[in-house]
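Undergrad: Following is a predicted model, sequence given first.
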Amino acid sequence: MNHRAALVVFSGGQDSTTCLFWAKQRFERVVALSFVYGQKHQHEVDMAREIAHIAEVEFHLMDASFIARLSDNSLTNSALKMDEAKPADTFPNTFVPGRNLFFLAMAAVFAREHGISHLVTGVSQTDFSGYPDCRDAFIKSMNVTLNLAMDEQFVVHTPLMWIDKAQTWALADELGVLDLVRYKTLTCYNGVVGDGCGHCPACKLRREGLEQYLQSKKK
Ligand code: ZN
């Protein structure tokens, strides 16, 4: 296994793009792996490919469209109206059950085939929705599971786990890619690149973080 190589679970959004450049700073070889999982906004994949090209990293695309057939959620089902606020007792319907579980499992097998033991994912426990597969406990447990499943020593890196959106913007700036992340990435649940639609939960979170960061920079 090559300890100087890392595989980034890559969607082309703000978080995983920041992670891609974070990995580039630390590893000699970085590979980006994207998934088609039945998401409504398929041009997300084209954006991811373009960003990987700009970053000069290897780009691979894996089919995980079975995820959309397993459960109903508003990221894969166009007929379902997206929750713009978090319901009191459950997750918003933007939650795709098992998504990170499947992504990480597939990424680990892919990484193993390529002799890579470091995996990087942009999940964050501070994410407003509280998706369980973005939490630190899940990632640590998954890391152990992957190691046991393949008798390997994978290391799952989560550079954004404990930081908020403003700090994620700060990190992008530190890495010299603030503008690239701002104008090229797609985070919006309505599929609008860059600053996005402005009103979906992902856009709100992203914009508030950006405003907070730019404000703090002025001081
Ligand atoms: Zn949006």
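TA: Received it, and whenever you're ready, just let me know what you need. Numbers count the residues shown, from 1 in each chain.

Undergrad: Those residues of the protein touching the ion, which are they?
TA: The chain comes close to the ion at residues 188, 190, 196-197, 200, 203, as judged by C-beta under 5 Å from the ion. Backbone N, C-alpha and C define where each C-beta goes, glycine included.

Undergrad: I'd like to know which of the residues you listed are buried.
TA: The neighbour-count test (16 or more other C-beta atoms under 10 Å) marks 188, 196, 200, 203 as buried among those.

Undergrad: Among those, which pair sits farthest apart?
TA: 196 and 200 (7.1 Å; C-beta to C-beta).

Undergrad: Need the overlap of contacts for these two.
TA: Common neighbours of residue 196 and residue 200, counting by C-beta atoms under 8 Å, 6 or more residues apart in numbering, are 188, 190.

Undergrad: Start and end of stretch 24-39, how far apart?
TA: 27 Å (C-alpha to C-alpha, to the nearest Å).

Undergrad: What are the contacting residues of stretch 110-122?
TA: 1-3, 5-9, 11, 13, 15-16, 18-20, 22-23, 27, 29, 31, 33, 60, 62, 100, 103-104, 107-108, 139, 150, 152-160.

Undergrad: So which of the residues you listed are in strands?
TA: If you go by DSSP state E, these have 2-3, 5-9, 29, 31, 33, 60, 62, 155-157 in strands.

Undergrad: top of these by neighbour count?
TA: residue 8 (29 neighbours; other C-beta atoms under 10 Å).

Undergrad: can you pull the pLDDT of the residue lying closest to that one once chain neighbours are set aside?
TA: Excluding the flanking residues, the one nearest residue 8 by C-beta to C-beta, 6 or more residues apart in numbering is residue 120, at 4.5 Å. Listed pLDDT for residue 120 reads 98.

Undergrad: For residue 120, give the beta-bridge partners.
TA: residue 8, residue 157 (DSSP bridges).

Undergrad: burial measure for it, as a count.
TA: Residues lying near residue 120 (other C-beta under 10 Å) number 26.

Undergrad: Distance check, it against the ion.
TA: Applying C-beta to the ion, to the nearest Å, the value for residue 120 to the ion is 25 Å.

Undergrad: just checking, residue 117 is part of a strand?
TA: Yes. With DSSP: H, G, I helix; E, B strand; the rest coil as the criterion, residue 117 is located in a strand.

Undergrad: Please tabulate the buried ones among the residues of the chain next to the ion in TSV, including the columns distance to residue 181 and secondary structure.
TA: Shown next, in TSV, are these (distance: C-beta to C-beta, whole Å; DSSP: H, G, I helix; E, B strand; the rest coil):
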residue	distance to residue 181	secondary structure
188	14	coil
196	13	coil
200	18	coil
203	14	helix
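
Undergrad: ok, those vs residue 85, which is closest?
TA: Nearest to residue 85 among these, with distances taken as C-beta to C-beta, is residue 200, at 10.8 Å.

Undergrad: Looks like that closest one contacts residue 189 (just checking).
TA: Yes. Contact status for residue 200 versus residue 189: in contact at 4.1 Å, counting by C-beta atoms under 8 Å.

Undergrad: any shared contact partners between the two?
TA: Common neighbours of residue 200 and residue 189 (C-beta under 8 Å, 6+ apart) are residue 82.

Undergrad: Now do the SS call for residue 38.
TA: At residue 38 the chain is in coil, as set by three-state DSSP.

Undergrad: Next one: the nearest residue to it once chain neighbours are set aside from the ion, what distance?
TA: Nearest residue to residue 38, sequence neighbours excluded (C-beta to C-beta, 6+ apart): residue 68, at 2.5 Å. Distance of residue 68 to the ion, given as C-beta to the ion: 20 Å.
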